[in-house]
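Mind looking at a prediction? Sequence and model below.
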There are 2 protein chains.
Amino acid sequence: MKKSFGAKTLIVPAPAWCVGTYDRDGKPNVMTIAWGGICCSKPPCVTISLRKATYSFDAIMERKAFTLSVPSEAHVRETDYFGMASGRNVDKFKETGLTPVRSEVVDAPYVGEFPMVLECGVIHHYEIGLHTHFVGEIKDVKVEEALLNGEGKPDIEKIRPIVFSPEVRKYHGVGSFLGNAFEKGKELGAPLK
Amino acid sequence: MKKSFGAKTLIVPAPAWCVGTYDRDGKPNVMTIAWGGICCSKPPCVTISLRKATYSFDAIMERKAFTLSVPSEAHVRETDYFGMASGRNVDKFKETGLTPVRSEVVDAPYVGEFPMVLECGVIHHYEIGLHTHFVGEIKDVKVEEALLNGEGKPDIEKIRPIVFSPEVRKYHGVGSFLGNAFEKGKELGAPLK
């Protein structure tokens, strides 16, 4: 039996990603979001949704750029802080002691200590309701070299990103390996892909 | 030191969600996606991105509705299968033995055996590139009663959703609890939220 919860933003897993921007004066800012995801393969694009009231909103509208830093579970406190404090009132990098690194690809900073970063230029934005939906074209992805697997690819078990549960407001880590995509399905007779 | 990977859809964590639709003849279909996420709180909306070539694309365009069934790690094989086979060639519900349940809220079916479902009506769609981006307004969320926590809310540790790693193409489970959102940040002096 399923229980009905009504019209809610209730789904798992959601990400916890940190949006990096420069404000009008060039001060770096960073804000944690859970409303986002990849939205296109060619060109490679990611979406993030922000309320107009956020300090990051104006920065993105002005510079048409942002980064997404992927925090590791070692930085869950800082990640949560970035979602609670506002860059309007504080310098979140200074308060946490983390390092704003200027992207060489887009006009935005990222969190130097976080293991993975996407550097994005805004190509669309859409008004949906409370949130505005930004589509960022991914110009580059950078990952800490120590966190690559034997094939030189990013290893989620080393990156250890954070999983967010909306509404219940909890953070979890990533668990055990379940199988390779586009392989498990063959056990049920799926075509090669 | 960070290694540069170029312009790629490389980010973690991504979800593995199953999009349920009826085709023109009323045959239920289901397709696994990783390109999606919540995009607005009011109205509550979720986005999914599909290639035009998919069988589900036409179904969504025609009926302006879809469901998102959240698979549990117990169904990782079926989840992968749903992303490999096409509803143009097979009846994926019949092939896997899973049950298409007709939504009473939108004109689409969901996977009865999966622990969580979002029922969505399409309110926008945008062409981005290879993928078309659909914004679905969430009309209802249903969760298996046995998987609620002591407060009657969905418990990710019981739902056990699947985390997908794009490009490296791996599935992982959800790991250990890291802390409560909007609480951990207070340790760094964040304001109450």
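Noted; the coordinates are in hand.

State which one residue of chain A is found closest to chain B.
Distances between chain A and chain B by C-beta to the nearest C-beta are smallest at A:G37, namely 2.9 Å. The C-beta positions use only the backbone N, C-alpha and C, and glycine is treated the same way.

tell me the contacts of that residue?
By C-beta atoms under 8 Å, 6 or more residues apart in numbering or on different chains, the contact list for A:G37 reads A:15, A:46-47, B:14-15, B:35-37, B:47.

by how many degrees do the helix or strand encompassing it and strand B:36-40 diverge?
According to DSSP states H and E, A:G37 maps onto strand A:36-40. Strand A:36-40 and strand B:36-40 are oriented at 120 degrees to each other (axes from the mean of the first three to the mean of the last three C-alpha atoms, to 10 degrees).

avg pLDDT for strand A:36-40?
For strand A:36-40, mean pLDDT rounds to 98.

Give the partner strands of that strand in its sheet and their orientations.
Strand A:36-40 has these partner strands in its sheet, going by DSSP bridges: strand A:45-51 (antiparallel).

For the strand it pairs with, which outside residues touch it?
Identification of contacts with strand A:45-51 by C-beta under 8 Å, 6+ apart yields A:17, A:19, A:31, A:33, A:35-39, A:56-57, A:60, A:66, A:68, A:118, A:120, A:123, A:128, A:130-138, B:9, B:11, B:37-40, B:47, B:128-129, B:133.

The nearest residue to A:P154 once chain neighbours are set aside: how many residues sit nearby?
Nearest non-adjacent residue to A:P154, counting by C-beta to C-beta, 6 or more residues apart in numbering or on different chains: A:V143, 4.5 Å away. Per other C-beta atoms under 10 Å in any protein chain shown, the neighbour tally for A:V143 reads 23.

before we move on, the earlier item: partners of the residue of chain A closest to chain B in the sheet?
Bridge pairing for A:G37 - DSSP bridges - gives A:T47.

for the strand holding A:G37, the distance to its chain's centre please.
Mean C-alpha position of strand A:36-40 versus that of the full chain (C-alpha atoms, centre = their mean, to the nearest Å) differs by 10 Å.

same check, this time on stretch A:85-97
That offset, for stretch A:85-97, works out to 18 Å (C-alpha atoms, centre = their mean).

Using PDB, write out every CA atom in stretch A:186-193.
Presented in PDB, the C-alpha positions along stretch A:186-193 are these (Å, rounded to 0.1, in the frame of the first residue of the first chain):
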ATOM      1  CA  LYS A 186      21.400  -7.800 -20.200                       C
ATOM      2  CA  GLU A 187      20.600 -10.400 -17.600                       C
ATOM      3  CA  LEU A 188      16.900  -9.700 -18.500                       C
ATOM      4  CA  GLY A 189      17.600  -9.900 -22.300                       C
ATOM      5  CA  ALA A 190      18.200  -6.200 -23.000                       C
ATOM      6  CA  PRO A 191      20.000  -5.400 -26.200                       C
ATOM      7  CA  LEU A 192      23.600  -4.400 -26.200                       C
ATOM      8  CA  LYS A 193      24.100  -0.600 -25.800                       C
END
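
And chain B, is that stretch touching that?
Yes: counting by C-beta under 8 Å from any C-beta of the partner chain, chain B is contacted by stretch A:186-193 at A:186-191, A:193.

Name the residues of that stretch that come out as buried.
Using 16 or more other C-beta atoms under 10 Å in any protein chain shown as the test for burial, stretch A:186-193 gives A:186, A:188, A:190.

Give the helix, strand or coil label for A:A59.
Secondary structure for A:A59, judged by DSSP: H, G, I helix; E, B strand; the rest coil, is helix.

Let me see the contact set for it.
A:21-24, A:29, A:66, A:87.
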